[in-house]
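>>> pasting the sequence and the predicted coordinates here, then a few questions.
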Amino acid sequence: MQELITRAKELLENGTVARVLGWKAGDLPYNPEPAYFTNAEELKDFVYNGFCGANLSKYMIEASKLEGKTLVCLKPCDTYSFNQLLKEHRVDREKAYIVGVGCKGKLNIEKVKSFGIKGIESVFGAEMTDNADTLTFQTIYGEKTCSYAEAMLERCHVCKGKEHVIYDELIGESKDTKDAERFAEVEKIEAMSPEEKFAFFQKELSKCIRCNACRNVCPACSCRKCVFDSTKFDSAQKANVDSFEEKMFHIIRAFHVAGRCTDCGECSRVCPQGIPLHLFNRKFIKDINELYGEFQAGADAETKGPLTNFTFDDAEPSIVANR
Amino acid sequence: MYKIAKENLPALFQLIAEDKELYVPVNNGGQVNFANWTESSQVDLDTLKSVKSPKDAFFPQSENLYTCYKDGKKIQIEPEELQNQNFVVFGMKACDVKGVEVLDKVFLVEPVDTFYAARRAHGTIVAMACHEPEETCFCKVFGIDCANPVADVATWMVEGELYWKALTEKGEALTAAVASLLTDADEAKVEEEKNAIHAIVEKLPYTNLSLEGWNGDVLSEKFDSPVWEELYKPCLACGTCTFVCPTCQCYDIKDYDTGHGIKRYRCWDSCMYSDFTMMAHGNNRTSQLQRFRQRFMHKLVYFPANNDGMYSCVGCGRCVEKCPSSLNIVKVIKAFEKQGGDQ
């Protein structure tokens, strides 16, 4: 982290960048927030640890409109989102100075709390320099521990890898955290009967409170005006009027980001109701892989996506329908 | 004071549900929220906070107001029936009960909101003391005692037994209805529990948060502060904070096209949304900074200005836990404190 701060100061001072987009220490040991820093004084509050899960690439849409370059800290998986935004002309490469930051898996505080750890006063083991496999919490109710790996976000268990796919420079080491198959959960659902599938999604989606956090955090959801915000559209954003609507919102969103979703996992990270929203997107990714050949959105900023590119080898609609 | 063993609670719920609707915290797919009790409900009284506050029981996220449909050449209008069944909300916490008091200030003053008033008239609140408060709690800042919930019935879970004390007429009536399951108890254990809770509250990181400088008279000073310009930036403009909040009371009214008529319904709205209070001439808050500022100004300045100094935050800490960007009202209060200190 210190190396990151030192470099950020240097780049601010020599005028390479006008601001730094990173994370600011929170007021609890686990709640840093995305923040801009414009000078050395402000950088005192800069933090980068296991709780910095937020993908900052979407903030670059707004930062691209600002004067001068923005130094943005991107984790390996965040760089896929940046590339995809670049491909869609939503961010300006010239306005970004990308520091690829190391990552050893990001933590999910909800997961920690699900182990019965509460009243947290401090955390040990979440710093980038900590190499322990265990997190230790000082709490009002005594000292508690849990395994770092078990407290990780779902996406880190199926990590895309330690490589940053776009960057100007790299700072910090990354760690392999993958310990599960990316499509295992999707396959479980595919194996269900139609009734079981329906019951599964009904149970999950009925928890939705239509807060729009999934949509607003999603780097692929970058429309200036969302159809669900339109007052001219019957299905405006604020409530699920019936059980049909609560499903439609998520299904329409999944269709809209199909082929563009990099599987960054932000939707599931932010859902206040713990809905595994990434499963929809991952199903689309799996289908695209099977129908059009392996494809990873955001792997580069040039390749046309399978759903936006016509070739004579494309799967016929009848084949899709017969599946 | 009465008590009932924890293992007898299903019998208690059964008895209450015989002639009343019963809302309890239920675990659905790993998330605890208040829901209608049925025999198969996975009741969870150990999780401190439901994801959403229980305000739905009185002010549901979405409710029909009336239905219009074509009847030949006429248009028929059918108003939605008001709540006319008694119901019980079991397991609300002291902060959530105070949240209802905030909603009362909005919906029970003239013109009275009949939908809300009918629910308040028919609802009995059984509140539970907070056995183990958490680091995100700050109810004490708003003068709330989480060891002593003020509701129709107050309860305490101590060593596998639920202690029960009626505090109002409605509470007495419910107590009489379930008397067959309750046994007499003395208050010694409850007093011990209260002391233990108070000792924990003193250790919570937000307990001594200062609200100095936040009142109904500081409108211009706070409104014009440059602090907002930095604060709002990480805000994603989602409605999470508003929808989990026990006191947010803003709603929108919309028409749902049924194909042969409309259902006019109201649903929670969020000041964080781009079309909040949009009118024919357009929107009076055009930037996220303005929308972000609105939420906190409302809770800490406008509401106290109109309600004898009562804040419309109860310190439940749900926004602290759920904001995707880790922003919240505590950080806002602290940011202003810091700015004040610099001057």
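Right, received. Where do you want to start? Quantities reported herein were computed from a predicted structural model and do not represent experimental measurements. Numbering: from 1, shown residues only, chains lettered A, B, ... in the order given.
>>> that's a strand at residue B:162, yeah?
Yes: assessed by DSSP: H, G, I helix; E, B strand; the rest coil, residue B:162 belongs to a strand.
>>> for it, give me its contacts.
B:3, B:4, B:5, B:6, B:9, B:155, B:156 (CB atoms under 8 Å, 6 or more residues apart in numbering or on different chains). (Glycine included, C-beta is placed from N, CA and C.)
>>> same check, this time on residue B:1
Counted by CB under 8 Å, 6+ apart, residue B:1 has contacts B:163, B:164, B:165, B:184, B:185, B:186, B:187, B:190.
>>> residue B:285 is in contact with residue B:294, isn't it?
Yes: applying CB atoms under 8 Å, one finds residue B:285 in contact with residue B:294, separated by 6.2 Å.
>>> re the thing from before, drop anything exposed from the contacts of residue B:1.
Buried members of the contacts of residue B:1, counted by 16 or more other CB atoms under 10 Å in any protein chain shown: B:163, B:164, B:165, B:185, B:190.
>>> quick one: residue B:310 from chain A, how far?
Computed as CB to the nearest CB, to the nearest Å, the residue B:310 to chain A distance reads 25 Å.
>>> likewise residue B:281?
For residue B:281, the distance to chain A - CB to the nearest CB - is 14 Å.
>>> how about the helices in the stretch 101-250 of chain A?
In order along the chain, the stretch 101-250 of chain A carries the following helices (DSSP state H, counting those that start in this stretch): A:109-114, A:154-157, A:184-190, A:194-205, A:213-217, A:243-257.
>>> got the CA coordinates for the longest one in CSV?
Spelled out, it's helix A:243-257. What follows is helix A:243-257, C-alpha atoms only, in CSV (Å, rounded to 0.1, in the frame of the first residue of the first chain):
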residue,chain,number,x,y,z
SER,A,243,-44.3,-11.7,-9.2
PHE,A,244,-44.0,-11.3,-13.0
GLU,A,245,-42.3,-8.0,-12.7
GLU,A,246,-39.8,-9.0,-10.1
LYS,A,247,-38.5,-11.7,-12.5
MET,A,248,-38.6,-9.5,-15.6
PHE,A,249,-36.3,-6.8,-14.2
HIS,A,250,-33.4,-9.2,-13.6
ILE,A,251,-34.0,-11.3,-16.7
ILE,A,252,-34.2,-8.2,-19.0
ARG,A,253,-31.0,-6.9,-17.4
ALA,A,254,-29.2,-10.2,-17.9
PHE,A,255,-30.2,-10.3,-21.5
HIS,A,256,-29.1,-6.7,-22.0
VAL,A,257,-25.6,-7.4,-20.6
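>>> can you point out the buried residues in it?
Buried residues in helix A:243-257 (16+ other CB under 10 Å): A:245, A:246, A:247, A:249, A:250, A:253, A:254, A:256, A:257.
>>> can you check stretch B:302-310 too?
Under the neighbour-count criterion of 16+ other CB under 10 Å, stretch B:302-310 has B:302, B:303, B:304 buried.
>>> what touches both of residue B:285 and residue B:294?
residue B:271.
>>> contacts for stretch B:306-316?
With CB under 8 Å, 6+ apart, stretch B:306-316 has contacts from B:49, B:53, B:93, B:95-96, B:98-99, B:102, B:105, B:137-142, B:144, B:206, B:211, B:214-216, B:245-247, B:249, B:298-300, B:303-304, B:329.
>>> just these: which are in helices?
B:95, B:96, B:98, B:99, B:102, B:105, B:303, B:304, B:329 (DSSP state H).
>>> count of neighbours near the last one?
If I follow you right, that is residue B:329. If you count neighbours by other CB atoms under 10 Å in any protein chain shown, residue B:329 ends up with 22.
>>> shouldn't it be in contact with residue B:319?
Yes: using CB under 8 Å, residue B:329 is in contact with residue B:319, at 6.1 Å.
>>> next one: phi and psi at residue A:69?
phi -90, psi 150 (degrees, to the nearest 10).
>>> quick one: it from chain B, how far?
18 Å.
>>> again with residue A:182
From residue A:182 over to chain B (counting by CB to the nearest CB), the distance is 22 Å.
>>> who's in contact with the nearest residue to that residue once chain neighbours are set aside?
Leaving aside its chain neighbours, residue A:182 sits nearest to residue A:158 (4.2 Å; criterion: CB to CB, 6 or more residues apart in numbering or on different chains). Counting by CB under 8 Å, 6+ apart, residue A:158 touches A:178, A:180, A:181, A:182.
>>> do residue B:336 as well
B:213, B:214, B:222, B:225, B:227.
>>> now do the contacts for residue A:306.
Residue A:306 touches A:259, A:288, A:291, A:292, A:293, A:295, counting by CB under 8 Å, 6+ apart.
>>> closest one to residue A:80 out of those residues, please.
Comparing those against residue A:80 with CB to CB places residue A:295 closest, at 12.0 Å.
>>> can you list the domains in chain B?
Chain B resolves into domains spanning B:2-60+B:82-203, B:219-252+B:269-338 when parsed by automatic domain parsing.
>>> using CSV, lay out those together with mean pLDDT and distance to residue A:94.
Listed next are those as CSV, based on pLDDT from 0 to 100; distance: least, CB to CB, whole Å:
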stretch, mean pLDDT, distance to residue A:94
domain B:2-60+B:82-203, 97, 41
domain B:219-252+B:269-338, 94, 22
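>>> out of those, which is closest to residue A:238?
Among the domains of chain B, domain B:219-252+B:269-338 sits nearest to residue A:238 (CB to CB), with 5.9 Å.
>>> distance from that closest one to the middle of the chain?
16 Å (CA atoms, centre = their mean, to the nearest Å).
>>> which residues of the chain fall in strands?
I went with chain A, as the question did not name one. Ranges of strands in chain A, per DSSP state E, are A:19-24, A:33-37, A:70-74, A:96-101, A:120-124, A:134-139, A:142-147, A:169-171.
>>> um, chain B though
With DSSP E as the criterion, chain B has strands spanning B:2-5, B:21-28, B:31-36, B:62-71, B:74-79, B:87-92, B:123-128, B:153-158, B:161-166, B:183-184, B:251-257, B:261-268.
>>> any idea which of those strands gets closest to residue B:235?
strand B:261-268 (18.3 Å).
>>> now the buried members of the contacts of residue B:162.
Using 16+ other CB under 10 Å, the buried ones in the contacts of residue B:162 are B:3, B:4, B:9, B:155, B:156.
>>> quick check: the farthest pair among these?
Between any two of the buried ones among the contacts of residue B:162 (CB to CB), the greatest distance is 13.6 Å, for B:9 and B:156.
>>> is it true that residue B:291 touches residue B:237?
Yes: between residue B:291 and residue B:237 there is a contact under CB under 8 Å: 7.0 Å.
>>> any residues in contact with both of these two?
B:272, B:273, B:274.
>>> so which bits of stretch A:149-163 are buried?
A:151, A:152, A:153, A:154, A:155, A:156, A:157, A:158, A:159, A:160, A:162.
>>> just to check, the last one is in contact with residue A:76?
Yes: using CB under 8 Å as the test, residue A:162 is close enough to residue A:76 to be in contact (5.8 Å).
>>> identify the contacts common to those two.
Shared contacts of residue A:162 and residue A:76, counting by CB under 8 Å, 6+ apart, come down to A:103, A:174.
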